[in-house]
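J.: Dropping a prediction and its sequence here:
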Amino acid sequence: MSDKAFLKLPRVLITEPLRSKLSDSAIVLYSYLISLYELSVRNGERFRDENGRYYVVCPISTVMRLLNCCNNKAESVYMQLENQNLISRKRQGLGKANLIYVNPIAESTATYAKNAHDQCENIDSANAKITFAEMGKTHTIKNDYYQKDLNKIYPSISYGDAIEDIRNQIEYDVLAERGYGSVLDEIVSLLADTVTSTAETLRINQINIPTDKVRWRLKQLTAEHIEYVIGSLEKNTTEIKNMRAYLLTALYNSIDTLDTAALYGA
């Protein structure tokens, strides 16, 4: 089997005392980012900034799928890596994925080694274990939950509550300031109709997909996805006969296509 099928796990992450501050999810993510970094180096100038530093692109939605977790958990894992100086993120603005710089392990270790003894003495290991256990229990979408109880993502939600939840989820106020007008409100209305639908299946990509699965995918949408879909709509030159069906398919697919576009600079 090719070594490309495996992630490289730096031993220091599981043996060095300061790494007690990293959850298992953070260790997995860092290992994954290392693999992306190696790809960036092999691609040469394409993933190199104006200062000559290589970067990787790994949107929150990718982390959510990698770790099988929700948005909040994915962000908290990134923050763990940042707090330990293992990565740094450079924001590019709404609609564009962050650039992620992966710092060498040796550099990170040196940064925190000076006060390692004092820091380790102050760690309350019992509380740390409880914190990470509760975090995983609160945010991670378990496989059995996904398979058996997806309807709890929006349990008996009213249309009005759905509108409010969706606006908060996609940062509606921020997007509204960018002048997207009626198309933004149409997307919110479409999403509300979808998550409150009583139909067993919904038509996506000309395929009938269980409504619960569609809801689960749409729950992963962020402001970046919405702006990406609107941008794609503006670039479209073909006639759209059914705008709502087109938008729903585009929103559903954006969970994957935004990652691909960000990775290849599309």
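T.: Ah, there it is.

J.: looking only at pLDDT, what's the mean for whichever strand or helix holds Glu82?
T.: Element membership for Glu82, per DSSP states H and E: helix 71-83. Across helix 71-83, the average pLDDT comes to 86.

J.: next SSE after it?
T.: Assignment by DSSP H and E places the next element after helix 71-83 at strand 87-90.

J.: hmm, who's touching the next helix-or-strand element following that next one?
T.: Using DSSP H and E, the helix or strand that follows strand 87-90 in sequence is strand 99-102. Contacts of strand 99-102 with the rest of the structure, by C-beta atoms under 8 Å, 6 or more residues apart in numbering, involve 30, 33-34, 36-37, 49, 53-58, 86-90, 92. C-beta: built from backbone N, CA, C; applies to glycine.

J.: which residues sit in contact with the residue lying closest to Ala176 once chain neighbours are set aside?
T.: Closest residue to Ala176 apart from its sequence neighbours, by C-beta to C-beta, 6 or more residues apart in numbering: Leu184 at 6.3 Å. Neighbour list for Leu184: Tyr172, Leu175, Ala176, Ile226, Ile230 [criterion: C-beta under 8 Å, 6+ apart].

J.: Of the contacts of strand 99-102, grab the buried ones for ChimeraX.
T.: ChimeraX command restricting the contacts of strand 99-102 to the buried ones, with burial defined by 16 or more other C-beta atoms under 10 Å:
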select :30,33,34,36,37,54,55,56,57,58,86,87,89
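
J.: Helices along the stretch 51-200 of the chain, start to end?
T.: With DSSP state H, counting those that start in this stretch as the criterion, the stretch 51-200 of the chain has helices at 60-67, 71-83, 105-113, 116-122, 125-139, 143-148, 159-169, 172-176, 182-195.

J.: least reliable of those helices going by mean pLDDT?
T.: When I compare the helices of the stretch 51-200 of the chain, helix 125-139 is least confident, with a mean of 36.

J.: Tell me how this structure divides into domains.
T.: 3-141, 144-264 (automatic domain parsing).

J.: now whichever strand or helix holds Ile255, how far from the centre of its chain.
T.: Assigned by DSSP H and E, Ile255 falls within helix 243-264. Distance, stretch centre to chain centre, for helix 243-264: 14 Å (C-alpha atoms, centre = their mean, to the nearest Å).

J.: Point out the other helices and strands that that helix packs with.
T.: Under the contact definition 3 or more C-beta pairs under 8 Å, 6 or more residues apart in numbering; DSSP states H and E, helix 243-264 sits against helix 60-67, helix 182-195, strand 201-204, helix 211-218, helix 223-235.

J.: Fine by me, thanks again.
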